[in-house]
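S.K.: here is my input; please provide its structure:
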Amino acid sequence: MMEMAKGKRESNRNGTWKKVTLVDGSIRWEVRVLVDGARRKKRVKSKAEGKKWIRELLDKSDIGQLERPNEITLGAYVSHWQDHKKDQVKPSTLKDYMTIVNTHLLPAFKTRKLKNITEIDLNTFFDRTLTDKGLAPNTKRNIRRVFSQIMEMARKEKIVGFNPVADIPPIKGADTNSRKALTIEQAKALLRGAKAYYEKKKDYKSANVNIYPFLLLCLHTGARLGELLALEWNDIDREHNTIAINKTYTKSNMVQTPKTINSNREVSVPKEVVDMCFSLNDGVSPYVFHTKNGTHISQHNMERSLKNVIAFAHLPFKVLFHELRHTFATIAVSKGEPITNVSSILGHSKTSTTLDFYAHSTQDGMKETSDTVAKELGFIE
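M.R.: Numbering: from 1, shown residues only. Sure, this is the predicted structure:
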């Protein structure tokens, strides 16, 4: 870190530097500089990049082009926030954030000065503007979350005195912990439908017949959609019947590291499921699930295949891929499997996460518990 001369903080035009090591082991430099009475900071990959940023700030300051804190608008600040987020979240996550910003926040607040955005403005925005658009409560919750992140960073950088979004009540109707799961009978019906679809369509080159073994893996491993789409043949240990989950294929068609560090895991799979997968190995692609050209199957196309199966089998319910992950976990927990095992298979960093999501009581479960206690106390046989 470079030292500043005593009593000359205002003239510190070289900046102060802090070395930061990210989770993946890469190095960044966090540089701070005081310009026009405002402290500004940025994370950069090298000192050269940081020095260039400082020079640009000073050049703008010298010719009066640098916005003063009290004049900064949301539209001007968002690009700075976006640069900061690049080192904190995955590209696919940042893309989702920016979709929210560009679709909802900028149309309403782009030219508004950050310091002038009030709780009244926000209440009107969430209660009226977004409601008039017919947005679901969970969508409004996500918009609130991103907006709060932006304003919180502005607060920490002393651009605003407080984060006004923090005082907005939680979005009514937003369900943060809902985890839908199929019943065992529904899961069996889905697999029967997928198998029938496979048998009828397996000779059709245009049909995605991979959907049946894909659903088998979903329901027997609890793996996420992107994790299985990224699966390669060399990730499968046929001798020990395990699969290594170490990457994911995103909605934006990129292969990247899994959601968290703990998402890198090895999962046991029934031998019959492994054999079913290997029956599809035509040697034309390194990917277990691939198009006829050997490339990755997109999340959109696999989701469409699932809908085709449901329509083909005339199933009386709808299902999303993530609900199959919940189905695996719910069945495992309800059958008394150790929560530590379930947590490891799902790739959760803490067992408390698994418990929060899946250890919910059911009427049958509560009756079993009540009957067990009653038997122990001698009230029933």
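S.K.: just give me the neighbour total for Asn246.
M.R.: The local packing of Asn246 (other C-beta atoms under 10 Å) involves 16 other residues. (C-beta placed from N, C-alpha, C; glycine too.)
S.K.: and it, how far from Ala223?
M.R.: 12 Å (C-beta to C-beta, to the nearest Å).
S.K.: so what touches the lengthiest strand in the chain?
M.R.: Ranked by number of residues, the top strand in the chain under DSSP state E is strand 27-35. With C-beta atoms under 8 Å, 6 or more residues apart in numbering as the test, strand 27-35 has contacts from 9-10, 12-22, 39-47, 50, 53-54, 57-58, 61, 66, 87.
S.K.: tell me which of those residues fall in strands.
M.R.: When DSSP E defines the strands, the subset of those inside them is Thr16, Trp17, Lys18, Lys19, Val20, Thr21, Arg39, Arg40, Lys41, Lys42, Arg43, Val44.
S.K.: turn those residues into CSV, columns for neighbour count.
M.R.: Shown next, in CSV, are the ones in strands among the contacts of strand 27-35 (neighbours: other C-beta atoms under 10 Å):
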residue, neighbour count
Thr16, 17
Trp17, 16
Lys18, 12
Lys19, 10
Val20, 11
Thr21, 9
Arg39, 15
Arg40, 20
Lys41, 15
Lys42, 19
Arg43, 19
Val44, 19
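S.K.: poorly predicted segments of the stretch 51-200 of the chain, please.
M.R.: 59-68, 173-179 (pLDDT under 70).
S.K.: ranges for the helices of it?
M.R.: Listed in chain order, the helices of the stretch 51-200 of the chain (DSSP state H, counting those that start in this stretch) span residues 74-85, 91-100, 106-109, 119-124, 130-132, 137-156, 184-201.
S.K.: and the fourth one, which residues are buried?
M.R.: What that stands for is helix 119-124. Neighbour counts over helix 119-124 (16 or more other C-beta atoms under 10 Å) mark Leu122 as buried.
S.K.: measure the closest residue to Phe289 other than its chain neighbours to Asp237 for me?
M.R.: Once flanking residues are discounted, Phe289 sits nearest to Asn210: 4.7 Å by C-beta to C-beta, 6 or more residues apart in numbering. Distance of Asn210 to Asp237, given as C-beta to C-beta: 20 Å.
S.K.: circling back to that earlier point, out of the ones in strands among the contacts of strand 27-35, which is nearest to Lys251?
M.R.: Arg43 (25.9 Å; C-beta to C-beta).
S.K.: which strand residues bridge that closest one?
M.R.: Glu30 (DSSP bridges).
S.K.: tell me if I'm right that it and Asp87 touch.
M.R.: Yes. Using C-beta atoms under 8 Å, Arg43 makes contact with Asp87 at a distance of 5.1 Å.
S.K.: need the ones in strands among the contacts of strand 27-35 in JSON lines (columns: distance to Lys318 and pLDDT).
M.R.: Formatted as JSON lines, those follow (distance: C-beta to C-beta, whole Å; pLDDT from 0 to 100):
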{"residue": "Thr16", "distance to Lys318": "55", "pLDDT": "86"}
{"residue": "Trp17", "distance to Lys318": "54", "pLDDT": "89"}
{"residue": "Lys18", "distance to Lys318": "50", "pLDDT": "88"}
{"residue": "Lys19", "distance to Lys318": "51", "pLDDT": "88"}
{"residue": "Val20", "distance to Lys318": "45", "pLDDT": "87"}
{"residue": "Thr21", "distance to Lys318": "45", "pLDDT": "86"}
{"residue": "Arg39", "distance to Lys318": "52", "pLDDT": "76"}
{"residue": "Arg40", "distance to Lys318": "49", "pLDDT": "80"}
{"residue": "Lys41", "distance to Lys318": "47", "pLDDT": "84"}
{"residue": "Lys42", "distance to Lys318": "46", "pLDDT": "86"}
{"residue": "Arg43", "distance to Lys318": "43", "pLDDT": "88"}
{"residue": "Val44", "distance to Lys318": "47", "pLDDT": "88"}
